[in-house]
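Peer 1: Return a 3D structure for these sequence lines:
(chains A, B, C and D)
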There are 4 protein chains.
Amino acid sequence: MRIAFIGLGNMGAPMARNLIKAGHQLNLFDLNKAVLAELAELGGQISTSPKEAAAASELVITMLPAAAHVRGVYLGEDGVLAGVKAGTPVVDCSTIDPQTAREVSAAAAKQGVDMGDAPVSGGTGGAAAGTLTFMVGASEKLFASLQPVLAQMGRNIVHCGEVGTGQIAKICNNLLLGISMIGVSEAMALGNALGIDTKVLAGIINSSTGRCWSSDTYNPWPGIIETAPASRGYTGGFGADLMLKDLGLATEAAKQAHQPVILGAVAQQLYQAMSLRGDGGKDFSAVVEGYRKPE
Amino acid sequence: MRIAFIGLGNMGAPMARNLIKAGHQLNLFDLNKAVLAELAELGGQISTSPKEAAAASELVITMLPAAAHVRGVYLGEDGVLAGVKAGTPVVDCSTIDPQTAREVSAAAAKQGVDMGDAPVSGGTGGAAAGTLTFMVGASEKLFASLQPVLAQMGRNIVHCGEVGTGQIAKICNNLLLGISMIGVSEAMALGNALGIDTKVLAGIINSSTGRCWSSDTYNPWPGIIETAPASRGYTGGFGADLMLKDLGLATEAAKQAHQPVILGAVAQQLYQAMSLRGDGGKDFSAVVEGYRKPE
Amino acid sequence: MRIAFIGLGNMGAPMARNLIKAGHQLNLFDLNKAVLAELAELGGQISTSPKEAAAASELVITMLPAAAHVRGVYLGEDGVLAGVKAGTPVVDCSTIDPQTAREVSAAAAKQGVDMGDAPVSGGTGGAAAGTLTFMVGASEKLFASLQPVLAQMGRNIVHCGEVGTGQIAKICNNLLLGISMIGVSEAMALGNALGIDTKVLAGIINSSTGRCWSSDTYNPWPGIIETAPASRGYTGGFGADLMLKDLGLATEAAKQAHQPVILGAVAQQLYQAMSLRGDGGKDFSAVVEGYRKPE
Amino acid sequence: MRIAFIGLGNMGAPMARNLIKAGHQLNLFDLNKAVLAELAELGGQISTSPKEAAAASELVITMLPAAAHVRGVYLGEDGVLAGVKAGTPVVDCSTIDPQTAREVSAAAAKQGVDMGDAPVSGGTGGAAAGTLTFMVGASEKLFASLQPVLAQMGRNIVHCGEVGTGQIAKICNNLLLGISMIGVSEAMALGNALGIDTKVLAGIINSSTGRCWSSDTYNPWPGIIETAPASRGYTGGFGADLMLKDLGLATEAAKQAHQPVILGAVAQQLYQAMSLRGDGGKDFSAVVEGYRKPE
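Peer 2: Predicted structure coming up:
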């Protein structure tokens, strides 16, 4: 299949690699010449613009840092919509606000192009290993055509509803995740201060009503879960600044929807304070450090 | 076995009933004559004071509303410690602050009495069915002697460490639970406001990093989990005022330990605001109603 | 003086009226024909576009609802910058984010136009009475040329620094105001619940370290300050939805600046919850109602 | 006048000194022998117990660290109520919860003793200079008899209502103060991050609706107010741990009264986090440091 892949950063590049490996012919675009050259060696074709890449392809995939880039890449003079043929399936894998996802998709629809959103979870590790989760907002028909290709880059391909619902699912999940991680941090640090063994406490929580992914799989207290970032100095996980971005999208979407998110807003500010202290590059579970005496 | 059982309220009475059924001889005390009469019909003996009940027993169990009652029942003139024989195992199943649990236990130790704490979870339903979870703070030896009897009232008997750790485990777990429930409420209400199907959203959360008991077992959004209070008008679960009591214990213990609990403190206030609105008797998951337009 | 006045809503219309009264020749633009007709009767000239209004004037003033309108009115095809002559002083009185204020001003500067920002406080009452406060971000020279005209619409004309600082001053002040009002609400409601006379409490606060405008001038408790909205059913003041807009600008600007605002974020959510309950149209001091038992 | 003065710590000792200077005969009690010896040199009489001091006096004043000490000093075997003669006016100047103030006063009333509460503000500086503010909860008659003596230790003697209202006034004011200080910190730090001159910003706030004592008299930003602790390294003011104590009293009283205090609870936790970082001994306005990049 001839696929346009636009946006070859930390996530996009390994995703594109998996598609090349799967035998597809990729038309690539990015501002970074080095990564283009690298992927060209693996067999990809370099395009000079999103427009050119899209024009030459049967499917368009984009993976960009933020909403402004998505608008630029799709709606710009040399953008995807200037080149893509009517009927071509299009999917944006960026994590952005649902409103922009819907607006760009509506612009595509005017040209007879069915465009969905499919933000991912799983990080750069999942992108390399091809084990990402895709949360897909798309019509039934578009989902059916995207599913086989997305499955070559990920393990769980979840249909969330119409366009925009992929973004909604992701920001709602991450809103809860950002809160839960702080909740676990407070519970573990309090238990520790009061004198219970933290492994025993985690064991009780994990078999009780406090049970959650942030405790049983990714516990922020060092030494509880061997494979969690907390047990390797809060490196190599999901950075606090990325969590901050997602909480920013969640509270902004809540504002647009006139919907309060009280704990979510506090959580956002606590990650922001962590970032201000210089710890935005650490795994987000290092938020627990704000609850421990500095050494 | 001759067992003193003091405190026969909504939790204590069904627990005592299960011990009578299991063949023990109970020496009962409560200020409520009606419940004493009822249990006497099942074969229990009525005592005139905690002291008398304790003096005639091989094991003492108490189940009281709050720390002040525990102090009174143990340390008062006609209290347990005035009557209990040295060497008798003693356990308090009340949910109180860890500090009081340790102090009363220390007073007992001065008389050669080994006293532990074993707060429960599982509610009045679990008390009646004999399926409670006991979180036990006790020496190894005391735990060994308590375990078989607790097992006649509950399903999970967890040893948390020395005296006081039962209370610590319970308040840390419930601190996290109180936070998680609000986190799920915000995520579900936001998703609903943004236009995703709430069942789909819950499904995605439950198989992703937002996964938690408050979402997959006790989801606050009506119609998601058939057996959850949300699907029957927020009745018959764990009342918001009980959650409020536990969060009060958690934040008070945190204050004593000079430990911050930021989201926990906000959560406490949100349940307090719910209680002020007149909804303290509803299941605590009704906190989600503060995030929905009133009808 | 020939002045372009663009944006004739609840604030802009009475401001324009004061300039007409002061003897200026106004070139007016708004999408609302009715208000244009009304002001034309007073002697204003109706323009067909911002461009036309600006082209015919020695000074340009705009007063618009939000950043998107400011971008449209200035940068659009028929916008102010398409018509304004180099050297004409320009000032935007809208309350928007500082970033947009700076960007639009930079676009103006490229055409040799010096554009400042001058958001106001004082409400529709102050606009009608000509007693507004203007917080002005502008070069020294621009401020000198704006000052006499702004003084015909307001009483305090404060120079805050370079362009953008007017917006910054306003959102920082209102961030604090939004927090203080909730702080006073909590203090008054707590005192009332604990049994002190609320007038006595307010008196003590107002002569002590809790002293603030939200207590001594605009106290949210009914009957404390006769002239405050609390004493007339929370009508006729600064609506909660307007406070919500300003807190939204503040937290968004904080996000852009990577700066935490913890109480500010909680305050925003509490006004949002108030708005969700249907009270967004009440004066913002009605936030105290969330701290009182419903009647 | 013969006055019993019990509790001669950092506040009590200078207060007692002012009464000796004013010509009263003081009967002193404290556990600290050194301070007793020092005050005896100035002419005070040393008592061996609160009971003895009270028995020999026409007026009893106490100044103690916390509620437990108040209970002990009044209700203990050798306590004030064991010695005081019926009809003697009694006043406790400690800062404690209103509930304890009312309970101890009720115990005194049973013996025909009229006891009031009169917590102070003004710190050790005000105690030495005799410029304290006393917030007095007492009957009209008791207030009339206390007023002249309190006026020898302070400048403002405010009658707040019946017994307990002195404490209520103090904790409500300090609840608001604790919130306002964080509000000012967030506004100043945000303004600074966005690029406005902080002196200009403070000037605008101080003449606008954000105006408050925490900004115009005690601004937390260094260099704004010369006499504020912020301008001398956050030393010599009102310590964060003292603010933490008062917020603890406020949130505890709110819990007892089933009254939510949302921003107050967050504020308490933020000072707690500051204390955990090792900054509990700094002036409470140093809470602003959590909003600035560490150097």
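
Peer 1: ok, which stretches of chain A are helices?
Peer 2: For chain A, the helices defined by DSSP state H cover A:12-21, A:33-41, A:50-55, A:67-75, A:80-83, A:98-109, A:123-129, A:140-150, A:165-194, A:198-206, A:213-216, A:240-256, A:262-274.

Peer 1: Please identify the most buried of the ones you listed.
Peer 2: Comparing the helices of chain A by mean neighbour count (mean count of other C-beta atoms under 10 Å in any protein chain shown), helix A:165-194 comes out on top with a mean of 29. Using the backbone N, CA and C atoms, a C-beta is placed for each residue, glycine as well.

Peer 1: Can you confirm whether that one lies near chain C?
Peer 2: No - against chain C, helix A:165-194 shows no contacts by C-beta under 8 Å from any C-beta of the partner chain, the least distance being 12.5 Å.

Peer 1: send the alpha carbons of stretch A:251-261 over as CSV?
Peer 2: In CSV, the C-alpha atoms belonging to stretch A:251-261 read as follows (Å, rounded to 0.1, in the frame of the first residue of the first chain):
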residue,chain,number,x,y,z
THR,A,251,-8.7,21.2,31.5
GLU,A,252,-8.9,23.3,28.3
ALA,A,253,-11.5,20.9,26.8
ALA,A,254,-13.4,21.1,30.1
LYS,A,255,-13.4,24.9,30.0
GLN,A,256,-14.8,24.8,26.4
ALA,A,257,-17.5,22.4,27.6
HIS,A,258,-18.2,24.5,30.8
GLN,A,259,-17.5,21.4,32.8
PRO,A,260,-15.7,21.6,36.2
VAL,A,261,-12.7,19.3,36.8
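
Peer 1: Nearest to chain B, out of the helices of chain A?
Peer 2: Closest approach to chain B among the helices of chain A is made by helix A:165-194 (3.7 Å; C-beta to the nearest C-beta).

Peer 1: what about the closest one and chain D, touching?
Peer 2: No - against chain D, helix A:165-194 shows no contacts by C-beta under 8 Å from any C-beta, the least distance being 9.4 Å.

Peer 1: Residues in contact with stretch A:13-24: which ones?
Peer 2: A:1-3, A:5, A:8, A:26, A:28, A:35, A:38-39, A:42-44, A:61, A:63, A:93, A:124, A:127-128, A:130, A:132, A:149, A:152-153 (C-beta atoms under 8 Å, 6 or more residues apart in numbering or on different chains).

Peer 1: try it again with 6 Å
Peer 2: A:1, A:3, A:5, A:8, A:26, A:35, A:39, A:42-44, A:127-128, A:130, A:152-153 (C-beta atoms under 6 Å, 6 or more residues apart in numbering or on different chains).

Peer 1: go on, stretch A:95-106?
Peer 2: Stretch A:95-106 has contacts (C-beta under 6 Å, 6+ apart) with A:67, A:70, A:74, A:115, A:117, A:119, A:163-164, A:167-168, A:249, A:253, B:194.

Peer 1: now the residues you listed as JSON lines including pLDDT?
Peer 2: Compiled in JSON lines, the contacts of stretch A:95-106 are given as follows (pLDDT from 0 to 100):
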{"residue": "A:A67", "pLDDT": "96"}
{"residue": "A:V70", "pLDDT": "98"}
{"residue": "A:Y74", "pLDDT": "98"}
{"residue": "A:M115", "pLDDT": "98"}
{"residue": "A:D117", "pLDDT": "98"}
{"residue": "A:P119", "pLDDT": "98"}
{"residue": "A:V163", "pLDDT": "98"}
{"residue": "A:G164", "pLDDT": "98"}
{"residue": "A:Q167", "pLDDT": "98"}
{"residue": "A:I168", "pLDDT": "98"}
{"residue": "A:L249", "pLDDT": "98"}
{"residue": "A:A253", "pLDDT": "97"}
{"residue": "B:L194", "pLDDT": "97"}
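
Peer 1: In the residues you listed, find the pair that's most separated.
Peer 2: Farthest apart among the contacts of stretch A:95-106 by C-beta to C-beta are A:Y74 and B:L194. That separation is 21.2 Å.

Peer 1: So for the strand ranked longest in chain A, mean pLDDT?
Peer 2: Counting by DSSP state E, the longest strand found in chain A is strand A:154-161. For strand A:154-161, the mean pLDDT works out to 96.

Peer 1: other SSEs contacting it?
Peer 2: strand A:132-137, helix A:140-150 (3 or more C-beta pairs under 6 Å, 6 or more residues apart in numbering or on different chains; DSSP states H and E).

Peer 1: TSV for those, including mean pLDDT?
Peer 2: Compiled in TSV, the helices and strands packed on strand A:154-161 are given as follows (pLDDT from 0 to 100):
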stretch	mean pLDDT
strand A:132-137	96
helix A:140-150	98
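
Peer 1: Now render the ones you listed as TSV, adding distance to C:A55.
Peer 2: Formatted as TSV, the helices and strands packed on strand A:154-161 follow (distance: least, C-beta to C-beta, whole Å):
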stretch	distance to C:A55
strand A:132-137	46
helix A:140-150	48
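
Peer 1: quick one, which of the ones you listed is nearest to D:S57?
Peer 2: Among the helices and strands packed on strand A:154-161, if distance is taken as C-beta to C-beta, the winner is strand A:132-137, at 75.9 Å.

Peer 1: Just the residues contacting the closest one, thanks.
Peer 2: Residues contacting strand A:132-137 (C-beta under 6 Å, 6+ apart): A:116-122, A:126, A:143, A:150, A:153-154, A:156-160, A:163-166, A:169-170.

Peer 1: Can you name the residues of chain A that neighbour chain D?
Peer 2: Residues of chain A lying close to chain D by C-beta under 6 Å from any C-beta of the partner chain are A:276, A:293.

Peer 1: hmm, try it at 8 Å
Peer 2: So far as C-beta under 8 Å from any C-beta goes, chain A lies against chain D at A:266, A:273, A:276-278, A:290-294.
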